[in-house]
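A.B. asks: A structural model of the following input is requested.
(chains A, B and C)
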Amino acid sequence: MSVKIEDLLKNRPVFINVGVRAFGDSLREAGHEVVQLDWSPPAGGDTRLAALLDDLL
Amino acid sequence: MSLKERINAANEEAFRRIVAADPVLVDVAPASEVIPGLRDRMILHSGPPVTWERMCGAQKGAAIGMCLFEGWAEDAAAAERMLGAGEIALEPNHHHATVGPMAGTITRNMWVWVVENRAFGNRAFCRQVESFQQFGDHSRDALAGLEKWRDVWAPALGAAVRKMGGVPLKSLVARALLMGDELHNRVVASSSLFANAVAPILVDCGLPREQVVATLYYAGNHPFLFLGLSMAAAKASMDPARGVEASTVVTAMARNGTEFGIQVSGLEGEWFTAPSPRVHGLLLPGWKEEDAGLDMGDSAITETVGWGGAAIGGAPGILNFTGGTAEQALAFSRDMRTISVGTSPDYLLPALDFAGTAVGLDIRKVVHANLVPVIDTAIAHREPGHGIIGGGIVRPPMECFTKALARFSEKYNG
Amino acid sequence: MVRTTVIRKNRYLDSVFLMLVARRIAAQPGIRDASALLATEANRQVLAGMGYGENGRDAEFAAAGPNDLVLALEGEAAAVAAIAADADAWLSRGPEASPGAAREPRTIPEAVSGRPDCSLAVISVPGEHAAREARLALQAGLHVFLFSSNVSVEDELSLKTEASKRGLLIMGPDCGTAYLGGAGIGFANAVRRGPIGIVGPSGTGLQEFSSLVHQAGSGISNGIGTGSRDLSDAIGGISTLMGIEALEADPTTQVIAVISKPPGTVTTARLLERLRRCAKPVVLCLLGAECGAIADLGSPLPGGDPGTLRFAGTLDEAVCLALGALGLPEPTQLRPDPEALRRQAAAVIEKLRPEQCHIRGLFAGGTLCYQSQAIFRGAGLVVHSNAPLQGMQELPDPWVSREDAFVDMGAGLFVEGRPHPMIDATLRRKRLEQEGNDPKVALLLLDFILGAISSRNPVGDLLGAIRGAREAAQQRGGQLCVVASVCGTDGDTQDLQAQTRALQAAGVLVFPSNAQAAAFCREAMKLLAERKEGR
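C.D. replies: Now for the predicted structure:
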């Protein structure tokens, strides 16, 4: 079994919250460490550019 | 290897070359003697290529000034006719391993700082920085400053630098960053450090006393003296990172007041341009928003190498340029990390807990985060014939980066 | 309009700072122009050219030098005087401090470089962007909890394949709940930690199961959501199988419960094969599987099972089996006597008007809608649904109920561009009012889901509509029987007891679980059918 999964189940996770802030807030309220991302759609929502990036980034 | 892996490896290589750079000032010399490919009746200018017709007012004014400085024309009207008739070649500095502030104009008799990158052996050049001719002022007084540089200051500085066997700039820049410079609009500390380093040797060069005194006074009191050096050092540091196959690292950002252009390592030789943006900032007394020209100059080479906007969080003296707070300036510097390959091991910012400045702008990250670099810059008049009118913050047009990305995708993924 | 200059001898301020001072002063009412400069000769000339210094008659201005500051003001006399009188304050004030200190990172790689100890990305961005962010998270070495739905099957498969290659767990897309390392993620209830591990695609199934386990005095070790499609044959249960392996190795887990709708045929075989060689006791709860199918699954593995595989048809049953596997007593409230339910239902039926013959179920929890259908189907009852179980009928227009209908208010078009009904009850309340106006409705079946992220007062959100519907039925001379269950624990901020009491006070029949609420409704509907046939 993957060591990473073993660690996930054993330790308190440290979270990155990408999107709806409530998910991160509720974890933080419960005493967990959360890094909130200031997320916005990639390439400013330009789907053509975002598709280009899928192959490059 | 997948394309993504190739790009990442290529960017690591470009990054490695940039941070390995070891810029040393080795001379101050006439452009004709050092700049490759600089012919007679040729004016090098800042930014991407531009024709006389499309040139902005300030750059036209500066070009007229150079015609007068070189004695190619009797007066401004004659100079304008020559330029209009195509008798004077116009080429970008960047095509000649050179950079210039604002209009950036360089001709054969303009003396330039010569910076050698000792890690790679390449050289880069930058002209004198002043507040008049490079902003488009071609008056007698403006040209007198260029003549003083040519006849008095530059030869003296060149003699001292040669006698010193060169002035290493890497440690000087690192110290200046810790002293609150960001190496683009704030070069007070670096200018002083440089003047202090040169002074004792300058005195000992056997030059006429008047020349020595005048040069010491110039070097010791010119708040933007070091900008020419930081630009040349940045250019010398960036050029070895050009032409790394499949790299998405930006190797130059430059503006001519008409267009903003960027160059990308894996797309060597190409420019990706969009209309020059307006600079948001502060104007000197007596000037109004409508007087301001658009963004201009090769000085954004400093941001390309990780200074300027990338280091503005560590330059409290210039924070007001942002029209905001220390926190916002720190945020600018953090923004630059979001869109860069890595951080410099040498150039540190105390205000960011001595984190390295962001190095290696990655067009993929710029487009992905929809976040363009921050550049702090000076403002020229939109018409020929004026000196500096202000300074502020400018963001490059995203269009430059999206065009580059599309071209990159076409070349490598097509 | 006046012009004046203020000189400060032997004072140096940075020129850029001075420009900012000037701009701030110029923005004051009554001020037309302001400059703040070092009084160098050149600067004094500029100012003189702008009309300052009274044509050289101002001796102080004329005498000022490069070590002095000059503040030049033009405007209405009073305004200029006010600034001049307070010049030092204007020359010393820095820019206003901005709120909001350290900037949040913008990308996952940036966040990870700032916090290399991050282990799990919780992703809830719109579906079209979700796969990309999940991929970035996997590349950064993070496990992923992917709440977003509307991710294509191709993307899901490639994400899960990549995760599996990297030894990372991806929960979702469309994953609502997980419990990991003591953290409840997404829609999660305050359940104590304990010996029972859960894995499976059903979000509210995980919540209901773990809440019932908590209420029975036991607890959850880890709960691994997998996303609603994981056990389809297209995905093949990649995350579920990884989750089973993880729980099997997890020393805090003694029993594993797998909760799901019936998997695809190929995947069922793979899942069973894996569960049969699991070293720990396993409870497999397949909601909506045919009884016969479950019986077929029960055939033992040649060579015997190392653990023990048990099958449950409802979440309540699964809880009982899991507790039983631990040697704990079955909670009596989870094994109700069908006869008692029938008697209770009969008492309710008596008060109905003859035309009242239909049931409407409005669910916030998709799994609970599914389980309710399974419980009805077990008695041969057929309902319409927008998320029909096999053998049930598709509701042609999800916005309008017909005859007997169970509506999953958290499905597809109800949540396009809207928060989930567990967060925002608006749509469910409107739908409830709509059902209340239908004189043919006899029973209303509801679920209320407490926990993190859920509405602060799920019962309160619907209470007015429930009362209104009941009153309307009474005015028609009948009685609307509202049946509900509340999923949650005493530790949830919404307070299980208070929510339950509020429902009871409004005349709602509250059962300890969705399965029992549905079983009561099933008995009531059977009686209504008998009544109809008898007439």
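A.B. asks: mind listing the strands for the stretch 51-200 of chain B?
C.D. replies: Under the criterion DSSP state E, counting those that start in this stretch, strands of the stretch 51-200 of chain B are mapped to B:89-92, B:98-99, B:111-117, B:122-127, B:167-168.
A.B. asks: actually chain A, not the one I typed
C.D. replies: Ranges of strands in chain A, per DSSP state E, are A:15-18, A:34-36.
A.B. asks: Wait, a strand at residue C:422?
C.D. replies: No - looking at residue C:422 with DSSP: H, G, I helix; E, B strand; the rest coil, it is coil, so not inside a strand.
A.B. asks: my guess is it meets residue C:365, correct?
C.D. replies: Yes - judged on Cβ atoms under 8 Å, residue C:422 makes contact with residue C:365 at a distance of 7.4 Å. Any C-beta I mention is one placed from the backbone N, CA and C, and that applies to glycine too.
A.B. asks: residues shared between the contacts of those two?
C.D. replies: Among the neighbours of residue C:422, those also in contact with residue C:365 (Cβ atoms under 8 Å, 6 or more residues apart in numbering or on different chains) are C:410, C:449.
A.B. asks: ranges for the helices of the chain?
C.D. replies: All of this refers to chain A. Taking DSSP state H as the criterion, chain A carries its helices at A:3-10, A:21-29, A:47-56.
A.B. asks: Switch to chain B, please.
C.D. replies: Under DSSP H, chain B gives helices at B:3-20, B:31-34, B:57-69, B:76-84, B:140-148, B:154-164, B:170-178, B:188-203, B:209-221, B:225-238, B:301-305, B:326-338, B:363-369, B:398-413.
A.B. asks: Please apply the same query to the stretch 1-150 of chain C.
C.D. replies: With DSSP state H, counting those that start in this stretch as the criterion, the stretch 1-150 of chain C has helices at C:15-26, C:41-49, C:59-63, C:77-85, C:87-92, C:108-114, C:127-139.
A.B. asks: How about residues contacting the longest one?
C.D. replies: Under the contact criterion Cβ under 8 Å, 6+ apart, helix C:127-139 has outside partners A:16, A:18-19, A:39, A:41-42, A:47, A:50, A:54, C:107-109, C:121, C:123, C:125, C:144, C:146, C:148-152, C:155-156, C:159, C:162-163, C:166, C:168, C:170, C:172-173.
A.B. asks: of the residues you listed, buried ones?
C.D. replies: With burial judged by 16 or more other Cβ atoms under 10 Å in any protein chain shown, the buried subset of those is A:16, A:18-19, A:39, A:42, A:50, C:107-109, C:121, C:123, C:125, C:144, C:146, C:148-149, C:151, C:155-156, C:159, C:163, C:166, C:168, C:170, C:172-173.
A.B. asks: hmm, back to that, any chance of the strands of the stretch 51-200 of chain B in CSV, plus mean pLDDT and mean neighbour count?
C.D. replies: What follows is these, written out as CSV (pLDDT from 0 to 100; neighbours: other Cβ atoms under 10 Å in any protein chain shown):
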stretch, mean pLDDT, mean neighbour count
strand B:89-92, 98, 18
strand B:98-99, 98, 32
strand B:111-117, 98, 27
strand B:122-127, 98, 26
strand B:167-168, 94, 18
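A.B. asks: could the ones you listed go into a markdown table alongside distance to chain C?
C.D. replies: As requested, the strands of the stretch 51-200 of chain B are exported to a markdown table (distance: least, Cβ to the nearest Cβ, whole Å):
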| stretch | distance to chain C |
| --- | --- |
| strand B:89-92 | 30 |
| strand B:98-99 | 23 |
| strand B:111-117 | 24 |
| strand B:122-127 | 23 |
| strand B:167-168 | 27 |
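A.B. asks: and of the ones you listed, who's closest to chain A?
C.D. replies: Comparison of these against chain A by Cβ to the nearest Cβ identifies strand B:89-92 as nearest, at 27.3 Å.
A.B. asks: by contact count, what packs against the closest one?
C.D. replies: With contacts defined as 3 or more Cβ pairs under 8 Å, 6 or more residues apart in numbering or on different chains; DSSP states H and E, strand B:89-92 has these neighbours: strand B:42-45.
A.B. asks: mind listing what the residue in chain A that chain C sits nearest to touches?
C.D. replies: Among the residues of chain A, residue A:2 lies closest to chain C, at 3.0 Å counting by Cβ to the nearest Cβ. Contacts for residue A:2 (Cβ under 8 Å, 6+ apart) come out as C:167, C:168, C:242.
A.B. asks: Then residue B:187?
C.D. replies: B:176, B:181, B:223, B:224, B:225, B:226, B:227, B:230.
A.B. asks: Surely the last one is in contact with residue B:186?
C.D. replies: No - no contact is recorded between residue B:230 and residue B:186 when judged using Cβ under 8 Å, the distance being 10.1 Å.
A.B. asks: Across the sheet, point out what pairs with residue B:99.
C.D. replies: Using DSSP bridges, the bridge partners assigned to residue B:99 are residue B:126.
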